[in-house]
Structure formats: C-alpha cells, structure tokens
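K.L.:
no sequence on this one, just coordinates:
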Ligand code: PAF
C-alpha cells in the first residue's frame, strides 16, 4: 500500500493509473476505521481496479470544537486495517495541505439541509461538501462508496455531484451493525463500557417503531418514541423524525407513495449517535 500525504503526489500517481485504463474506487473516511468502513472498502476493491482510501478528520464539518478534539484518531491501527483489506493507496493529508487558505466556497442544498443533521449541526454539510469535492478532485474516482447510516450526507453528496457535474458514481452501502444491533460508528469507541451496553436500545427502539407503526399516525409514533427515550435517563434524544427518502422532509402520513424512513439522533453520555431504519 502506498501512503501519500501530499495532494500533488496523489494526483500524479492516480492520473497515471487512469491513463493506463485503471478504474478507481474511493472510500473517504475520517479514520478510526471499523467494519462498516471495511465493508465499503471490500466492495470498492471488488468493483474497481484500485482501492483508494482517504483518512482526514475534516475540521470544517465539526460545529462543535469539543467533538473535533475528541474525535478518535489512530492512524497506525488504520494503516494495518487498510493493508489487510488490500487498499492500494492511502491519502492521509494534514489540515494545512487541504486548507492552505480560508475556504470561501458556499453551497446551497435547499430543503435537504434544512432538516435533521442540517438543522442541528449548522455548517456541517457545507464542510462535508467542501472536503468531498476536494477529495474527488484529488483522487478522480469512477466510483465512491458511502454508508447509509449517514443517509442525509449521502443525499447531500448525490446532490453535490449533480450540482458540480462530477464524473463519479455514488454507491450507497447498507448500514453495518454490531451483533447487538448498534450501528457501527467511529464514535462508538468513545462510549464507556456501561454506555456501550446500553447503546443497542437505539436500534431496538427503531425496530419497535417499525413493528408498531401499523395503526398509528406518524405523529403518535413520534410521541411514543420520544416517551420510550424519556424512560432511559442515560439517553437524550435530539430528534426522531419520520421523513421521505428522497427530499428528507418530514411526512405526516404513511401514504406519500414513496419511501419513508425513521431517523434518530441521540446523546448517550458525551457521545452523539445517529441511526435510521426504513419503514416503507
Ligand atoms: O462520513 C464521513 O466519515 C465524513 O463525513 C466524510 C465523508 C469522510 C467527509 O469528511
């Protein structure tokens, strides 16, 4: 596996690979890799000639300085996992390399960013879009792989690709869960052992909502889920939303004729976790 920290080295190496007709499958990450990331990488490796991965904790997408400071980082461990999964090139830049000057680019994702993560984490998706656009420019992938745990991020990135006419196929990949149902996330590493034991309650509640939604209006289901979290003092529910899978706007009826998902963001101790489940 090659490891580059400089944009120019990465660009010129990959340009040469493309000239030789090799396809690039790209998985952007912020490191602290887990099996959810590795699943994306296995798929990217399978569907392309080269697997390229980036590890970069992007300061622009954190709206909370403490969250950025505490974000788990372990490049040595990540490198060993990347070797094992057959990564061909790791791009691991420093912040100065990615942002030598202040970023002025702005994006308007309209209704997609007015709800859920967009509403609760101001500036988050602008930061994601800036870094993903840069990373696509540096790595020039045919395909890029994103997990559906960050469902709203995926919708924003698809929109970004359309807005900027980027020649990359976005490949959505299903959520990977621990055996007890907890969605895999780098943030799970920050849970205390006690919190980790409690954490499966998030997915249990989503499953409960899916199994019990028959006969309930969307607003009653939302109320019930809120009540369930209120019975658990370790959890602080930020939102539970029932939303359309295309425009991500809240739905007030089960019959919108399209897909509907349940989305949750919850604080467990000092850690903020998100998850989702398809209802229809
Ligand atoms: O999903 C993530 O880990 C990040 O938001 C991404 C896409 C790597 C951009 O920093």
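P.N.:
That came through fine. The shown structure was predicted, so the numbers you read here are calculated from the model rather than taken from an experiment.
K.L.:
so is the worst-scoring helix or strand of the chain on mean pLDDT next to the ligand?
P.N.:
For the chain, using mean pLDDT, DSSP states H and E, the weakest element among its helices and strands is helix 65-70, scoring a mean of 95. No - if you take Cβ under 6 Å from any ligand atom as the test, helix 65-70 misses the ligand, and the best it gets is 11.7 Å. Heads up, the C-betas are built off the backbone N, CA and C, glycines and all.
K.L.:
and the contacts of that helix?
P.N.:
The contact list for helix 65-70 (Cβ atoms under 8 Å, 6 or more residues apart in numbering) reads 57, 59, 62, 190, 270, 272.
K.L.:
ok, and the most crowded of the residues you listed?
P.N.:
With neighbours taken as other Cβ atoms under 10 Å, the top of the contacts of helix 65-70 is residue 190, carrying 20 neighbours.
K.L.:
how much space between the residue nearest to that one when sequence neighbours are not counted and residue 257?
P.N.:
The spatially closest residue to residue 190, leaving aside those adjacent along the chain, is residue 271, at 4.9 Å (Cβ to Cβ, 6 or more residues apart in numbering). Going from residue 271 to residue 257 by Cβ to Cβ, to the nearest Å gives 37 Å.
K.L.:
neighbour count: these two, which is higher?
P.N.:
Set residue 271 next to residue 257 and count neighbours by other Cβ under 10 Å: residue 271 wins out with 19 against 8.
K.L.:
so what sits opposite that one in the bridge?
P.N.:
Beta-bridge pairing of residue 271 under DSSP bridges involves residue 268.
K.L.:
quick check: phi and psi on residue 205?
P.N.:
Dihedral pair for residue 205: phi -70, psi -40, per degrees, to the nearest 10.
K.L.:
check which helix or strand covers the closest residue to it other than its chain neighbours.
P.N.:
Leaving aside its chain neighbours, residue 205 sits nearest to residue 228 (5.3 Å; criterion: Cβ to Cβ, 6+ apart). Using DSSP states H and E, residue 228 maps to helix 218-230.
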